[in-house]
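Visitor: pasting the structure only:
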């Protein structure tokens, strides 16, 4: 006899992308001013050479990065975490823990012509295996650069929605996304992940 399970409980918001202006222009400028020009390093990609190993692979990804400076009050991560908690309660309702000490957010700098990040998901091996939600915080206004557009597989969002300075974008870590090649100007964003127990 074949046993057919009861209908699963489906969350129709699981494929949602959350977009909201959370930081003022002054606060974004404060984050930009806290960056150290000597700490930029070439961004890496995990799993190309060996599972769980991060290497520079410019065919897959080309940009610079540095760890986000956090002040004594927890700014800006406390504000980001608060907004993501609100978004999660409204949409995905994932079981979340918070930031992971070994996978803290970065500031990403796309400034060379052709800088990009090919189609990928943020969930992987080792420290990336517990990622639940990814986020991107715009530190520069979309009018300051050309190209560099944030794209999601089968989810349409306009460039104007995603590129306002201070805009926070939150999405499931398993959702396919990319950064299109830069053609002019510079794009700086805070990128990071909220972790939690395994999906089940």
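Guide: Perfect, I can see it now. Keep in mind it's a predicted model, so treat the numbers as computed, not measured.

Visitor: hey, let's count contacts and neighbours off CA atoms from now on
Guide: Will do.

Visitor: whichever strand or helix holds residue 109 pairs with which strands, and in what direction?
Guide: In this structure, residue 109 sits in strand 106-110 according to DSSP states H and E. Its sheet considered, strand 106-110 pairs with strand 64-67 (antiparallel), strand 187-195 (antiparallel) by DSSP bridges.

Visitor: export those to TSV and tack on mean neighbour count, mean pLDDT and distance to residue 102?
Guide: Shown next, in TSV, are those (neighbours: other Cα atoms under 10 Å; pLDDT from 0 to 100; distance: least, Cα to Cα, whole Å):
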stretch	mean neighbour count	mean pLDDT	distance to residue 102
strand 64-67	20	98	11
strand 187-195	24	98	11
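
Visitor: let me know which of the ones you listed is the nearest to residue 124.
Guide: strand 187-195 (12.2 Å; Cα to Cα).

Visitor: per-residue pLDDT of residue 55, please?
Guide: Turning to residue 55, the model gives it a pLDDT of 89.

Visitor: which non-adjacent residue is nearest it?
Guide: Distance criterion Cα to Cα, 6 or more residues apart in numbering; nearest residue to residue 55, sequence neighbours excluded, is residue 44 at 5.0 Å.

Visitor: ok, the one you found to residue 59 distance?
Guide: For residue 44, the distance to residue 59 equals 11 Å [Cα to Cα, to the nearest Å].

Visitor: next, the angle from the strand or helix carrying residue 29 to strand 106-110.
Guide: Here residue 29, judged by DSSP H and E, is contained in helix 25-33. Calculated by axes from the mean of the first three to the mean of the last three Cα atoms, to 10 degrees, helix 25-33 forms an angle of 90 degrees with strand 106-110.

Visitor: if we go by neighbour counts, what in helix 25-33 is buried?
Guide: 27-28, 31-32 (16 or more other Cα atoms under 10 Å).

Visitor: next up, the contacts around residue 147.
Guide: The contact partners of residue 147, taken as Cα atoms under 8 Å, 6 or more residues apart in numbering, are 180-184.

Visitor: let's see 6 Å
Guide: 181-183 (Cα atoms under 6 Å, 6 or more residues apart in numbering).

Visitor: low-confidence stretches in the chain?
Guide: Scanning the chain for pLDDT under 70 picks out the ranges 1.

Visitor: let's see 80
Guide: 1-8, 47-48, 51-52, 200 (pLDDT under 80).

Visitor: which residues in it form helices?
Guide: According to DSSP state H, the chain carries its helices in the segments 25-33, 77-90, 159-162.

Visitor: so for residue 175, which of these sits nearest?
Guide: Using Cα to Cα, the nearest of the helices of the chain to residue 175 is helix 77-90, at 15.1 Å.
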